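Next one to model:
(4 chains)
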Number of protein chains: 2
Amino acid sequence: MKITALEEYGLRCLVAIAKSGEQGQLSISEIAEMEGLSIPYTSKLLSILGKAKLLDAVRGRSGGFSLARPAENINLMEITMALAGPLMDSNHCEKYTGLLDECVHLDNCSVYNVYSGLAGYVTEYLQSTTLADMIDESITGRLQRMKI
Amino acid sequence: MKITALEEYGLRCLVAIAKSGEQGQLSISEIAEMEGLSIPYTSKLLSILGKAKLLDAVRGRSGGFSLARPAENINLMEITMALAGPLMDSNHCEKYTGLLDECVHLDNCSVYNVYSGLAGYVTEYLQSTTLADMIDESITGRLQRMKI
DNA sequence: AATAATCTTTACAAAGTTGTAAAGTTTTAG
DNA sequence: CTAAAACTTTACAACTTTGTAAAGATTATT
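You can find the predicted model right below:
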């Protein structure tokens, strides 16, 4: 279980845009500059977030990206799903890669059960944290100790 | 954030050994057979778990693997650490891969804070679940709804 | 002592992820 | 209506993870 690069850097870009204010808009090159990322990579990150409808993209000369919804209304679970997908495939037990036709535990899989419980737990945490929470200076330092 | 293949299949092997009883011992080929995995792959998984001191390995003709400690005393956090390492590198903010010499958020990183909080949360869940819980038929089906 | 069963280590091909590069499309300013 | 600024798409090299393969080391049995 690892946090992926897309998740980390994609979230940074969202935070940067959220920090630019209610109707704030930033271009790829502005964000790349602010976050110290390359323009092509920033471009890829924002493109993913745009397709996931978390960002609105405006093309052309005065274009850029802005939040598709208010920061209070975008939670980390949506962001994580857009950038990395679910913790475990929903059809986990069918996607077994071993030698047999299907997993021997299909009927009662304790591994699936425990990871499924964990996934629910993680989801609770991520859903309860919004972009607005992340740019709120008064609580940002405490997020690491927060227990929802 | 994805559960890795090593985590999943490694945990399965541990559960299989735990199910074999208190002083139970299983060979690589037995476990491979039981779980429907190839012998080389099973071999790799068990080798990792042995190096992490979660399993004792006995070589030679009547050899095999057994739990290094009672199942009640091996929790999922240790297993996850052995098979996948931490959710986020401890020196996360130093390992930034962007264009600059160092991350622009080194002093106050909301992304780090929030993932750090999540990591603590996940750790709680994993530490509170043991191999013994996973082979206990009476609760295994309920693990997925358990909130610690 | 020889042998067979078993764990151990190293090497490697296939697949997926990360980050870069370049060419294409849209829009606004002048 | 042209050109510059900006988003979009596709391709690809480098790296990591996944799973396989083969040769080596250890021990119980005969």
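
ok, and the closest non-adjacent residue to the residue sitting furthest away from the middle of chain A?
Of all residues in chain A, A:Leu100 has its C-alpha farthest from the mean position, at 34.7 Å, by Cα atoms, centre = their mean. Of all residues not flanking A:Leu100 in the chain, B:Gly36 sits nearest, at 3.8 Å (Cβ to Cβ, 6 or more residues apart in numbering or on different chains). Glycine gets a C-beta too; all of them are placed from N, C-alpha and C.

Equivalent analysis for A:Thr129, please.
A:Leu76 (4.7 Å).

What sits closest to A:Tyr121 if chain neighbours are left out?
Residue nearest to A:Tyr121 in three dimensions, not counting chain neighbours: B:Tyr125, with 5.2 Å by Cβ to Cβ, 6+ apart.

what's the answer for A:Glu30, then?
A:Gly64 (7.4 Å).

you'd agree the one you found is up against A:Gly24?
No - with contact defined as Cβ atoms under 8 Å, A:Gly64 does not count as touching A:Gly24 (9.1 Å).

Which one's more surrounded, those two?
Using other Cβ atoms under 10 Å in any protein chain shown as the criterion, A:Gly64 and A:Gly24 rank with A:Gly64 on top: 21 against 15.

I'd assumed B:Asn113 was in contact with A:Leu11.
No - counting by Cβ under 8 Å, A:Leu11 does not reach B:Asn113; the two are 11.5 Å apart.

Neighbour count: these two, which is higher?
A:Leu11 (23 against 20).

Roughly how far does the more buried one sit from DNA strand D?
As judged by Cβ to the nearest atom of the strand, to the nearest Å, A:Leu11 and DNA strand D stand 18 Å apart.

swap in A:Glu72?
In terms of Cβ to the nearest atom of the strand, A:Glu72 sits 23 Å off from DNA strand D.

what do you get for A:Gln23?
A:Gln23 is 15 Å from DNA strand D, by Cβ to the nearest atom of the strand.

about what we covered before: pull the contacting residues for the residue nearest to A:Glu30.
Residues near A:Gly64 by Cβ atoms under 8 Å, 6 or more residues apart in numbering or on different chains: A:25-28, A:30, A:57-58.

Turn those into a markdown table, including pLDDT, neighbour count and secondary structure.
Shown next, in a markdown table, are the contacts of A:Gly64 (pLDDT from 0 to 100; neighbours: other Cβ atoms under 10 Å in any protein chain shown; DSSP: H, G, I helix; E, B strand; the rest coil):
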| residue | pLDDT | neighbour count | secondary structure |
| --- | --- | --- | --- |
| A:Gln25 | 97 | 18 | coil |
| A:Leu26 | 98 | 20 | strand |
| A:Ser27 | 97 | 16 | coil |
| A:Ile28 | 97 | 22 | helix |
| A:Glu30 | 97 | 16 | helix |
| A:Ala57 | 97 | 16 | strand |
| A:Val58 | 97 | 12 | strand |
